[in-house]
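Chemist: need a 3D model of the following:
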Amino acid sequence: MTSPVALIAEDEPLLADALRAMLAQAWPDLHVLPVAPDGTAAIAAIAQEQPDVVFLDIAMPGATGLDVARACARLTRAPQIVFVTAFDRFALDAFDAAAIDYLLKPVEPDRLARTVARLRERLAAPKHDTLSQLLATLRTHLEDEAAPGGAVNGTNGAHGANGASGSKSVTAASAPAAGEYLRFVRASVGDEIRIVPVEEVCFFEAADKYVVVATVDGDLLIRTSLRELLPQLDPSRFWQVHRSTVVNVAEVVSAQHTPLGRLTLKLKRRKDRVAVSRQYAHLFRQM
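Modeler: This is a model prediction of the structure:
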């Protein structure tokens, strides 16, 4: 029997190497092609090599992982797609693009093992899931990932004011004086130091060793972890709603349940929907 072939599309070399090493342990007979460093390269490699499985980062230069997945849908022999992302708000988009699964960064060995088992089963007996099957699978996955835990340390590109990829480079958050909460965030943008009042921040989201600072004008990254940032924020203004997300409650318009029962927040000045995990759902029961 021919060994299955996989492609990893990831613009962070260290993360790509780590996933390759984990796959070698979880799926020894899997042949992994050279890493595609961006979306455009991934589309070309998929067309040429016709891999059985593709592990796609979502926010990549050239073309996003969702763009790559949609391009794959037009192929006669489309690969099985697994998204690898730091942001689980992309889960619904992932399944809209017919992904078999998605993994949150940092990828956990047990979670990867479940994905590998699912892929093996799919490759052994290919079939097209019905919409109801996909929705049932997605509900299970979202419940798994929404379990209580600490701040996520994922990595990925950030998103513009309306969800478009592409962020500016960064430094660190300014530390508050003793007994005070953080009033400003400082981020380097080229040769400039941008000063962002915290009241202009719509939400903060963990992204590896950085935090995405989401404002109405776009996203910045600051070189700190969400765990380090959280104690510096005024808890009456900034509420943790997910292990990876802290939202400015003044920016929240409403809390809404999706058809899958998932609670999300609608914001005043962003098109993003902010996911609320079950651990923090009680904060919005009266909204």
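Chemist: skipping its backbone neighbours, what lies nearest Ala41 in space?
Modeler: If the residues on either side of it in the chain are set aside, Ala41 comes closest to Gly62, at 6.9 Å by Cβ to Cβ, 6 or more residues apart in numbering. Heads up, the C-betas are built off the backbone N, CA and C, glycines and all.
Chemist: how much space is there between the one you found and Lys105?
Modeler: Gly62 sits 20 Å away from Lys105 when distances are taken as Cβ to Cβ, to the nearest Å.
Chemist: which of these two has more neighbours?
Modeler: A count of neighbours by other Cβ atoms under 10 Å puts Lys105 above the other of Gly62 and Lys105, at 25 against 16.
Chemist: on that earlier part again, just checking, the residue nearest to Ala41 touches Thr40?
Modeler: Yes - between Gly62 and Thr40 there is a contact at 3.6 Å, judged by Cβ atoms under 8 Å.
Chemist: dump the residue contacts of the closest residue in space to Ala6 that isn't next to it in sequence.
Modeler: Nearest residue to Ala6 in three dimensions, chain neighbours excluded: Val53, at 4.3 Å (Cβ to Cβ, 6+ apart). By Cβ atoms under 8 Å, 6 or more residues apart in numbering, the contact set of Val53 is Pro4, Val5, Ala6, Leu7, Leu30, Pro79, Gln80, Ile81, Val82, Leu119, Leu123.
Chemist: at 6 Å instead, please
Modeler: For Val53, the contacting residues are Ala6, Pro79, Gln80, Leu119, by Cβ atoms under 6 Å, 6 or more residues apart in numbering.
Chemist: so how far is the helix or strand the first one falls within from its chain's centroid?
Modeler: With secondary structure defined by DSSP states H and E, Ala6 is part of strand 5-9. In terms of Cα atoms, centre = their mean, to the nearest Å, the centre of strand 5-9 is found 19 Å from the chain centre.
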